[in-house]
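K.L.:
got a structure for you, letters missing:
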């Protein structure tokens with residue numbers, strides 16, 4: 001009789017929003033781990049005001065364009081027209097956090113993708129509201 005494997009616990013990185021899967025070496029400290037990597041640990045979270053502004057702008061632009069998608073660069077340009085390139089990774093991180101909360105989808109080629117593994121150009125689309 002084969003035993004059914006239970007799925008490993010998961011949680012989101014508080015900085016970038018990527019999904020972290022439980023590892024045996026984290027067994028003793030799983031409750032205290034909040035970041036997925038040394039890079040996120042050194043970056044820490046984006047300033048709260050910036051993170052909230054990015055998330056709010058993503059939602060506003062995505063809902064206004066629905067059912068079509070938006071590019072993360074549109075969000076960054078709306079926040080900082082001159083220095084928008086510096087905000088690109090922070091914008092992608094904000095989009096990942098919104099995916100974790102179920103508010104948007106990250107797409108590639110028009111299909112939703114796992115934001116933790118998406119590489120290359122992405123688009124952001126507001127999720128359909130179902131009654």
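P.N.:
Arrived safely, thanks for sending. Keep in mind the model is a prediction, meaning the values are calculated, not measured.
K.L.:
going forward, measure contacts between C-alpha atoms and count neighbours the same way
P.N.:
OK.
K.L.:
paired strands for the host helix or strand of residue 105, with orientation please.
P.N.:
Residue 105 is part of strand 104-108, with elements assigned from DSSP states H and E. Sheet pairing of strand 104-108 (DSSP bridges) gives strand 111-112 (antiparallel), strand 123-126 (antiparallel).
K.L.:
so which of those strands is nearest residue 88?
P.N.:
For the strands paired with strand 104-108, proximity to residue 88 was assessed by C-alpha to C-alpha; strand 123-126 is nearest, at 12.4 Å.
K.L.:
how far does that closest one sit from the chain's center?
P.N.:
11 Å (C-alpha atoms, centre = their mean, to the nearest Å).
K.L.:
related to what we said a few turns ago, give me the contacts around the strand holding residue 105.
P.N.:
For strand 104-108, the surrounding residues in contact (C-alpha atoms under 8 Å, 6 or more residues apart in numbering) are 59, 95-96, 98-99, 112-115, 121-127.
K.L.:
next one: it to chain centre, how far?
P.N.:
Averaged C-alpha coordinates place strand 104-108 at 10 Å from its chain's average position (C-alpha atoms, centre = their mean).
K.L.:
who touches the helix of greatest length in the chain?
P.N.:
For the chain, the longest helix by residue count, based on DSSP state H, is helix 48-65. Helix 48-65 is contacted by residues 68-70, 72, 75-76, 78-79, 90-91, 94-95, 98, 103-104, 124-126 when judged by C-alpha under 8 Å, 6+ apart.
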